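In: Here is a sequence together with a model predicted from it:
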Amino acid sequence: MIEIVVEQQAGRRWDAMADEARALVPELAGPVQDTTGLGLGPEVHLRLVNPDDFALQHEAYVRRVREAVLAGDALEAIADPARRQKAEATLRTGAATSAGVSRTVSCVPSARIIECGDGHSVVLLAPAKLPAGSLRAALAHMLTHQAQICASGPMPGADAVAALLVHRAGGGTREEDPVLGALWEGHARWTTGRVLGRDAAGERSMGLAGRLLSRLPGVRAGLDTHDRAEAFVRHIVESSGTDTVNRIWTDHTLVPARRELTTPATWLTRTGLDPQESEPEA
C-alpha cells in the first residue's frame, strides 16, 4: 500500500483538485509500475502551490543539484586543471543545469518532481498553470519520474550535470553529449502514452501557452530531443524489454549520447546489451 500525502498550499479554490489528485494516484500507480517495471516506493508526496512558490521551490532544488555536484568527486575526472576550473566556474554560474533539472517547457507544464533536503521526493504542481483536464497526464508523468528516482537513488539531475561537464571539458561534441535528462523525459512521455493512450498524453497536456512557446527555436530543439528520447525508449522496449531501459537508471555509464537517440541499435552495440538477452515487449 502506497501512502499518499497531499499538501494543498495553493489556496482554497484548489481543494477540489487536491481531492482529485488524491483519488487519481492509486488509480495510476499500478499501471505506471506495471508499464515501467519500476516501483514507486512507500509514499507519493504531492504539493499544490501557487506559481511563485513553485518557481522558488524548483530553483532551490536546482541549487541543491549544483551543490551536490560541487561537493562530489565528478569534476576530479577532468585531468586538465584549466578545464576542471572552467567546468567548476560553469557550474557555479548555473550554466550547466539545463542538462537535466531546468527545462523551460515540458510536455507536462507546471509539474516538476524535486528532492527535499531530507531525501524524499515531492511532486510539485502549480494548479493555476495546469491546462484544463491535464491533471491525469501530469500525475502519470510525474509518477514515472518518481519511479526513476526510486531506481536510481537521490538527487536526480546531479549525475546528468556532472556527466555533461566532464564530457564537454574533455572536448566532446554536442552530438556526443550524454542525455540523461532527455531520457528521463522521453521515458516519462512513453509511459504516460502507454498508461493513458497516445491521444490523452499528447498535445492537450502541453496547453496553449506551451504550444506557442514551443515554436521558439531553442525550446523547439529541446522538445525535439525529448521526441527522439521517447522514440529511443519505445525502440529499446520493443526490441529488448523494459529491463534494458531500466538498467540506465542504476548504471549511468549506459546513458546514451545525443546522436544515439536516433540510432538505438548503435547504443545497444556500444553497451553490449544484446536485444536477445531480454524478452521484448509484446
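Out: Ah, there it is. In this text, all values refer to a predicted model and were calculated from it rather than measured experimentally. Numbering: from 1, shown residues only.
In: how about low-confidence regions in this structure?
Out: Low-confidence segments of the chain, defined by pLDDT under 70: 97-109, 117, 156, 198-223, 274-282.
In: And the strands in it, which stretches?
Out: Assigned by DSSP state E, the strands in the chain fall at 3-8, 43-48, 111-115, 121-125.
In: For the last one, output the C-alpha coordinates as PDB.
Out: In other words, strand 121-125. What follows is strand 121-125, C-alpha atoms only, in PDB (Å, rounded to 0.1, in the frame of the first residue of the first chain):
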ATOM      1  CA  SER A 121      10.900  13.400  -3.400                       C
ATOM      2  CA  VAL A 122       7.900  15.700  -3.900                       C
ATOM      3  CA  VAL A 123       5.700  16.200  -6.900                       C
ATOM      4  CA  LEU A 124       5.200  20.000  -7.300                       C
ATOM      5  CA  LEU A 125       2.100  21.100  -9.000                       C
END
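In: Now do that strand: everything it contacts.
Out: Contacting residues not belonging to strand 121-125 are listed as 21, 44-49, 54, 57-58, 110-116, 138-139, 142-143, 145-146, 149, 156 [C-beta atoms under 8 Å, 6 or more residues apart in numbering]. Just so you know, the C-beta spots here come from the backbone N, C-alpha and C atoms, and that holds for glycine as well.
In: That strand: partners in the sheet, and parallel or antiparallel?
Out: strand 43-48 (parallel), strand 111-115 (antiparallel) (DSSP bridges).
In: so Gln148 touches Leu183, yeah?
Out: No: with contact defined as C-beta atoms under 8 Å, Gln148 does not count as touching Leu183 (9.1 Å).
In: Between these two, which has more neighbouring residues?
Out: Leu183 (27 against 23; other C-beta atoms under 10 Å).
In: what's around the nearest residue to the more buried one once chain neighbours are set aside, how many residues?
Out: Leaving aside its sequence neighbours, Leu183 sits nearest to Ala229 (C-beta to C-beta, 6 or more residues apart in numbering; 5.1 Å). A count of nearby residues for Ala229, using other C-beta under 10 Å, gives 25.
In: Pretty sure Ala229 sits against Leu180.
Out: No: applying C-beta under 8 Å, one finds Ala229 not in contact with Leu180, separated by 9.8 Å.
In: tell me the centre residue of the chain?
Out: Centroid check for the chain by C-alpha atoms, centre = their mean gives Trp184 as the closest residue, at 3.7 Å.
In: Would you mind confirming that that residue is in contact with Ile149?
Out: No: at 9.1 Å, Trp184 and Ile149 do not qualify as touching, with contact defined as C-beta under 8 Å.
In: Quick one: the helices in the stretch 101-250 of the chain, in order.
Out: Secondary structure of the stretch 101-250 of the chain by DSSP state H, counting those that start in this stretch: the helices cover 135-152, 158-169, 180-196, 207-213, 217-240, 242-250.
In: how near is Pro42 to Val5?
Out: According to C-beta to C-beta, to the nearest Å, Pro42 stands 11 Å off from Val5.
In: Those two: who's more crowded?
Out: Using other C-beta under 10 Å as the criterion, Pro42 and Val5 rank with Val5 on top: 13 against 10.
In: Dig out what that one forms beta bridges with.
Out: His45.
In: Enumerate every residue touching it.
Out: Glu43, Val44, His45, Leu46.
In: As a markdown table, these with distance to Pro256 and neighbour count would be great.
Out: What follows is these, written out as a markdown table (distance: C-beta to C-beta, whole Å; neighbours: other C-beta atoms under 10 Å):
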| residue | distance to Pro256 | neighbour count |
| --- | --- | --- |
| Glu43 | 31 | 13 |
| Val44 | 29 | 24 |
| His45 | 30 | 18 |
| Leu46 | 31 | 21 |
